[in-house]
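Participant: pasting the sequence and the predicted model now:
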Protein chains: 2
Amino acid sequence: MDQYEALKLDNQLCFPLYAASREVIKRYHPYLTGLGITYTQYIALMVLWENKAISVKELGSRLYLDSGTLTPVLKSLEEKGYVERRRSAEDERVLIVEITEEGEALKERAVSVPEKIAGCVSLDSEEALELYRLLYKLLEALKEH
Amino acid sequence: MDQYEALKLDNQLCFPLYAASREVIKRYHPYLTGLGITYTQYIALMVLWENKAISVKELGSRLYLDSGTLTPVLKSLEEKGYVERRRSAEDERVLIVEITEEGEALKERAVSVPEKIAGCVSLDSEEALELYRLLYKLLEALKEH
DNA sequence: TTCAATTTAATTGTGTTCAATCAAATTATA
DNA sequence: TATAATTTGATTGAACACAATTAAATTGAA
C-alpha cells in the first residue's frame, strides 16, 4: 500500500470539481461572446435580472466573489450601459448596482443560453439534480467552517 | 410561471460548480502557502510525483490545462528547483518536465495536506463518493462534445 | 459627544485561465 | 525529395480571482 495514496490526483475530490467547473464555463464562451459579455458578467447580470438593484456586498455574498473581482466586472458592465452604479443615500459606504433598460433588454437575448448549455451537460435529469444537491450541500458546509 | 425561470442563478448547475470549486481551492491556500506553492503548482506536482517525467502536452491533458496556463506554472516550479524542463531528444517539439530531488522531497511535506482539507469537506464518505462519480461522469461527457 | 472599532469598496500585486496567434519541428503526400 | 499539413509549446492580451492594504463612512462605547 502506497503511503502517498492520498496525494494522487485521482483520489482528490477538489480536482474533478475544479476541472469540471472550468470545462462547463468554457462551453458558455461562444454564446456569451455573442452577447458581448463574459461568464462573470453573466452571473452578475443573472442576479440583477432578479433583483434590479443590489449592493456590491450583497452581490458578492450571492456570487461568492469579493470586491477585488466585482469592481472591474461591474465597471465593465457600466461602460457597456447594462448597469448603473451609485452610492446609497443612507450609507455612503454602500455602492448600489442597478440594472438599466439596456440591461433588461439583454435578458431577452440571454434566455436561450441555458438551454444551449443543457445540451452539453449530458447527465440525465435525476443525476443532474443529485449533483446540484451535493454541490449546494458542500457549499453550505464550507460556509460554516 | 416566469418565462425567465431558466435564467435564475438558483436554477443553474454551472454556478454551484463554479462557486464550490473556488471555495474548496481557497481552503488549500494556507497549507500550500506554507509549502511556497500555489494550487495549480500543487496539482502539477501531484502528477509529477506519480510520473517523474511527462511532456507538457500529456500534463495538460491530465489537468485539462493548456500551455498558456502551464508554461508560467512550470517555469515557476523550475525557478524554485522542484522541476527541470528539457526538450525531448526524439522530438524537439516536445518539452519534458521532470521532477527533481527537491521536488520529490516536497512530497513529504505535502502528504498532510489532503487530510487537512478532508476536515473542511464535511460530506459523509458515501456522498463524497457519489459527488466524485458524478463529476467524472460530467467531465467525460464534456470530453465527447 | 469623541474617538476607537467596524463596515464597505477600491486598489494593488501576484497568479492564473484561455483564446488567438506565432514559430519551430516533424510528418505525410505528391 | 520538396512542400503542405500537422503537432507542440511559447507568447500575447483580456479578464478574472483573491490576499492584503487603504480609505472613507458609520457605529458604538466610554
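Facilitator: That came in fine, so what should we check first?
Participant: the longest helix in chain A is where?
Facilitator: For chain A, the longest helix by residue count, based on DSSP state H, is helix A:14-35.
Participant: any idea of the angle it forms with helix B:14-35?
Facilitator: Between helix A:14-35 and helix B:14-35, the angle comes out at 130 degrees (axes from the mean of the first three to the mean of the last three CA atoms, to 10 degrees).
Participant: would you mind listing the buried residues in the next helix or strand after helix A:14-35?
Facilitator: Following helix A:14-35 in sequence order, the next helix or strand is helix A:39-51 (DSSP states H and E). For helix A:39-51, the neighbour count (16 or more other CB atoms under 10 Å in any protein chain shown) marks A:39-50 as buried. Using the backbone N, CA and C atoms, a C-beta is placed for each residue, glycine as well.
Participant: do stretch A:32-51 and DNA strand D come into contact?
Facilitator: Yes: judged by CB under 7 Å from any atom of the strand, stretch A:32-51 and DNA strand D are in contact via A:38-41.
Participant: from these, pick the one nearest chain B.
Facilitator: Of all the residues of stretch A:32-51 next to DNA strand D, chain B sits closest to A:Tyr39, with 8.1 Å by CB to the nearest CB.
Participant: what's the spacing between the closest one and DNA strand C?
Facilitator: 9 Å (CB to the nearest atom of the strand, to the nearest Å).
Participant: same question, A:Asp10
Facilitator: Distance of A:Asp10 to DNA strand C, given as CB to the nearest atom of the strand: 18 Å.
Participant: does any bit of stretch A:100-112 sit next to chain B?
Facilitator: Yes: using CB under 8 Å from any CB of the partner chain, stretch A:100-112 comes into contact with chain B via A:107, A:110-111.
Participant: let's check: the centremost residue of chain A is which one?
Facilitator: Centroid-nearest residue in chain A: A:Ile43, 3.8 Å away (criterion: CA atoms, centre = their mean).
Participant: may I have the phi/psi pair for A:Arg93?
Facilitator: Main-chain torsions, A:Arg93, degrees, to the nearest 10: phi -70, psi -20.
Participant: right, I mislabeled it, should have said A:Glu84
Facilitator: Per degrees, to the nearest 10, the backbone of A:Glu84 is at phi -120, psi 150.
Participant: tell me what it is bridged to.
Facilitator: A:Glu84 has the following beta-bridge partners by DSSP bridges: A:Glu98.
Participant: need the contact list for A:Met4.
Facilitator: One correction, residue A:4 is Tyr, not Met. Neighbour list for A:Tyr4: B:49, B:107, B:111 [criterion: CB atoms under 8 Å, 6 or more residues apart in numbering or on different chains].
Participant: check these one by one and keep those near chain A.
Facilitator: The residues of the contacts of A:Tyr4 that also fall near chain A, by CB under 8 Å from any CB, are B:49, B:107, B:111.
Participant: could you list the low-pLDDT ranges of chain A?
Facilitator: Scanning chain A for pLDDT under 70 picks out A:1, A:145.
Participant: again, only using 50
Facilitator: Along chain A, segments meeting pLDDT under 50 are nowhere present.
Participant: for DNA strand C, what is the nearest residue in it?
Facilitator: A:Lys57 (2.8 Å; CB to the nearest atom of the strand).
Participant: contacting residues around that residue?
Facilitator: A:Lys57 touches A:Val94, counting by CB under 8 Å, 6+ apart.
Participant: off-centre distance for the strand or helix carrying it?
Facilitator: In the assignment (DSSP H and E), A:Lys57 maps to helix A:56-63. In terms of CA atoms, centre = their mean, to the nearest Å, the centre of helix A:56-63 is found 11 Å from the chain centre.
Participant: so does the following helix or strand past it get close to chain B?
Facilitator: Per DSSP H and E, the first helix or strand lying C-terminal to helix A:56-63 is helix A:67-79. No: Helix A:67-79 lies out of reach of chain B by CB under 8 Å from any CB, never closer than 9.9 Å.
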